[in-house]
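> Next comes the sequence, and after it the predicted model I'd like to discuss.
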Amino acid sequence: MTTQQQVSGIHHPEGRHYEVRGRRLWVETEGSGEPVLLLSGLGPAGSHLVFHPFFSALAETHQVVYVDLYGRGRSDAPGELSEITFQDDVADVAALIEALGLGPVHVYGFSYGGLLGQALALDHAHLVRTLVLANSLHSPEMWQLNHANINRELAHQAPEVWARIQELRAQGLVSTDEALREQFAAATKLVRFYHPDNASLLLNEPGARNMELYPVFVGADVDFIIGGEVARIPDFRPRLKEITARTLVLAGRFDRALYPKLQHDFVVHAPQFEFRILERSGSFGHVEEPETLFALLREFWKAG
């Protein structure tokens, strides 16, 4: 057991570092069967921890592969966080699949991970067997709408919190300053979950999220205007029809940031995609409806 596991008390499957493109990425695997590669979200700064312990149930029938992207979780980090780019994340994951010798794999892209999944399916199609886009995005424009929706919901559901946000902004603070981050944290339970108490099911441990990377990658005032590397991510809508891998888009009925209507936009641009709504979930289907989700995934992969 690693020191980090001893501190957090969280069980991690067997893991090790793999060197790809001159950098070491942390990978954990469990189970056997067709490989499923999990690409995480929580913005671009989260680690694979967002999938623990829920996806261990999927390891009963599949080989589940967890990865920390460069500069996140237990993977190596650069001297300058500005060196971390979307295109490098894509190249790293493609090289990792090759290094693991597992391709083609089922790719499950959650949030930011879904953007990586789209790029992989388009530019490294031989590595992707199927693609699942779970509460994900197709463009910087959609990322901006995500925050606009959160702000509107927060203003309506927690006006006292929204008033404090406006006061702090009037003082010159931007949304990634600590005082404002604390206020925006109130939106997570209200906007991202079917039942607010389910937010407590998300695990945390030291290093689980690189908060120094977050403002560099998304822009310091991201809750109002995206910037940084996120603004340079491609708009995938014009190319979605080119994806040949069988693709499933998952939406949470109670996701009030990336509404089901926004998720359905994927199918508008790529009619070959399949679309399903999880009826008792917000953004985190694997947290709120794991049994329903995994039954759906097994059915999807079996048919693929």
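Now that the structure is in, tell me what you want to look at. Residues are numbered from 1 along each chain as shown.
> if I look at the residue lying closest to D123 once chain neighbours are set aside, how far off is F236?
What sits nearest to D123 in space, not counting adjacent residues and going by C-beta to C-beta, 6 or more residues apart in numbering, is V90, at 7.1 Å. Yep, even glycine has a C-beta here, placed from its N, CA and C like the rest. Distance check for V90 against F236: by C-beta to C-beta, to the nearest Å, it reads 12 Å.
> Comparing the two, which shows the higher neighbour count?
The residue with more neighbours, out of V90 and F236, is F236; 22 against 19, by other C-beta atoms under 10 Å.
> Show me the common contact partners of V90 and F236, please.
Both V90 and F236 are in contact with A119, where contact means C-beta atoms under 8 Å, 6 or more residues apart in numbering.
> what pLDDT does the residue nearest to the spatial centre of the chain get?
For the chain, G41 is the residue whose C-alpha lies nearest the centre (C-alpha atoms, centre = their mean; 1.9 Å). G41 is assigned a pLDDT of 83 by the prediction.
> what sits against V174?
L180, A220, D221.
> any idea which helix or strand comes after the helix or strand hosting the first one?
Per DSSP states H and E: L180 is located in helix 178-192. Tracing the chain C-terminally past helix 178-192 and defining elements by DSSP H and E, one meets helix 213-218 next.
> ok now that following helix, how far from the chain's centre?
15 Å (C-alpha atoms, centre = their mean, to the nearest Å).
> Using PDB, write out every CA atom in it.
Provided in PDB are the C-alpha atoms of helix 213-218 (Å, rounded to 0.1, in the frame of the first residue of the first chain):
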ATOM      1  CA  LEU A 213      -3.400  23.800 -13.200                       C
ATOM      2  CA  TYR A 214      -7.100  24.600 -13.300                       C
ATOM      3  CA  PRO A 215      -6.900  28.400 -13.900                       C
ATOM      4  CA  VAL A 216      -4.000  28.000 -16.200                       C
ATOM      5  CA  PHE A 217      -5.900  25.600 -18.400                       C
ATOM      6  CA  VAL A 218      -9.400  27.100 -18.300                       C
END
